[in-house]
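Q: What shape does this take:
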Amino acid sequence: MAISMYQASIPQFKKMLSNLSIILKKGEEYASAKKIEGTVLTGERLFPDMFPLSKQVQIACDQVKNGMARLAGIEPPKFDDSETTFAELQERVAKTIAFIDGIKPAQVDGTEAKEIKFSIKEWHFEFVGEQYLLTWIIPNFYFHVTTTYNLLRHNGVEIGKADYLG
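A: Numbers count the residues shown, from 1 in each chain. Modelled structure (predicted):
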């Protein structure tokens, strides 16, 4: 029995976004306990040419909301990308979860061969649905969630694999 497109995506994205929320909460609590302004942590980068933590969370959410909207054939919500605080990032994660909660299996299942075309700046992408989910959305999502985890862990937040996996 094959796993459906919906089963391979929405439930796992929801779980990992919930785990991301817990990780961000621990980051906020750590900053408060250490009397560190939260935006110091949300502005952290692993290397100068990488995006800060806040952008990592934004992109993780964008992968899910934009990707699943493309597959479902619906318009994704627009977010301003202006979040800098833990509270604002938490709100973005919550809005992303709320959006995917509204996507029904019938909207995603059967999209394995659906043409997906989009552009990011000067790059143009063309996929079919299954390839898009498995080789674009999922790996990008995990990259940005993992980078968020790594940024917080690197800065002393006491999180571990159990927080990441839930």
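Q: Count residues in the vicinity of the closest residue in space to residue 165 that isn't next to it in sequence, would you?
A: Spatial nearest neighbour of residue 165, chain neighbours left out: residue 19 (7.0 Å); criterion: Cβ to Cβ, 6 or more residues apart in numbering. (Glycine included, C-beta is placed from N, CA and C.) Neighbourhood size, residue 19 [other Cβ atoms under 10 Å]: 19.
Q: what sits against residue 19?
A: 145, 163, 164, 165, 166 (Cβ atoms under 8 Å, 6 or more residues apart in numbering).
Q: just how off-centre is stretch 64-80 within its chain?
A: On the basis of Cα atoms, centre = their mean, to the nearest Å, stretch 64-80 sits 12 Å off its chain's mean C-alpha point.
Q: Using neighbour counts, pick out the buried residues of the least confident helix or strand in the chain by mean pLDDT.
A: Sorted by mean pLDDT, DSSP states H and E, the helices and strands of the chain end with strand 115-120, the least confident at a mean of 94. Neighbour-count burial for strand 115-120 flags residue 116 (criterion: 16 or more other Cβ atoms under 10 Å).
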